[in-house]
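Q: below is the sequence, then the predicted model.
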Amino acid sequence: MGSTRFSLLNSCAAIPPGNYLRLAAHPESVAKARAHVRGLMAAWGHEGLSETAEFVVSELSTNAITATERTADSPTEVIGLDAYRLPKSGPAGVVMSVWDCSREPPRVLCPDEDAEGGRGLLLVAALAQGWGYHRPVIFGGKVVYATITEAQ
Ligand SMILES: Nc1ncnc2c1ncn2[C@@H]1O[C@H](COP(=O)(O)OP(=O)(O)OP(=O)(O)O)[C@@H](O)[C@H]1O
Ligand SMILES: [Mg+2]
């Protein structure tokens with residue numbers, strides 16, 4: 001995934017300019033993703049959303065890294081983080097999105113009480129105003145995103 005991938009994405013009129021960060025598909029990148037989002041939230045005056053945004057990005061990045069590791073013949077070993085502010089005409093908030101090379105969709109699980117994992121997306125769904133995923137036609141893989149607003 002070169003920078004062309006996302007400069008193309010950013011040239012789409014329907015998608016506002018983001019703040020793209022390419023990261024290695026490695027667990028160490030999760031802290032970098034969190035720090036990036038913390039900086040953006042401060043720069044955008046959304047300090048109140050920072051904790052939630054960081055948590056969401058941490059969950060989505062961790063999932064993206066795991067999915068990349070699972071993907072046989074992975075064409076890339078990077079994930080892509082992007083963040084957008086919602087338009088001023090609506091509620092104040094942000095969209096966090098994480099790209100990975102796997103076409104496998106995210107699935108909300110129903111873990112048993114004693115299950116160790118399987119709660120990440122449940123928590124994201126509870127904290128976000130909305131979330132979803134799409135598969136970019138040109139780039140392959142998929143993008144998982146979550147919208148976080150001040151009033152939710
Ligand atoms: N980016 C992704 N690509 C492919 N599959 C995903 C992705 N994100 C989530 N999934 C699938 O959805 C399931 C549920 O994700 P979720 O984050 O809720 O739980 P988990 O990652 O298994 O465990 P936890 O987040 O609690 O450590 C995952 O086990 C995985 O199968
Ligand atoms: Mg998870």
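A: Nice, I can see it. Ligands and ions are numbered 1, 2, ... in the order given.

Q: what about residue 107, neighbour count?
A: By other C-beta atoms under 10 Å, the residues close to residue 107 number 7. C-beta: built from backbone N, CA, C; applies to glycine.

Q: so who does residue 123 touch?
A: 55, 59 (C-beta atoms under 8 Å, 6 or more residues apart in numbering).

Q: apply 7 Å and report the result again.
A: residue 59 (C-beta atoms under 7 Å, 6 or more residues apart in numbering).

Q: and it, what helix or strand is that in?
A: For residue 123, the host element (DSSP states H and E) is helix 120-127.

Q: next, the buried residues of that helix.
A: Within helix 120-127, the residues that count as buried by 16 or more other C-beta atoms under 10 Å are 120, 121, 124, 127.

Q: what separation do you get for the closest residue to the second one other than its chain neighbours and residue 140?
A: Okay, so that is residue 121. Spatial nearest neighbour of residue 121, chain neighbours left out: residue 108 (4.9 Å); criterion: C-beta to C-beta, 6 or more residues apart in numbering. If you measure residue 108 against residue 140 using C-beta to C-beta, to the nearest Å, the figure is 23 Å.

Q: of these two, which one has the most company?
A: residue 140 (15 against 12).

Q: skipping adjacent residues, who's closest to the more buried one in space?
A: Here the residue nearest residue 140, using C-beta to C-beta, 6+ apart, is residue 101, at 6.7 Å.
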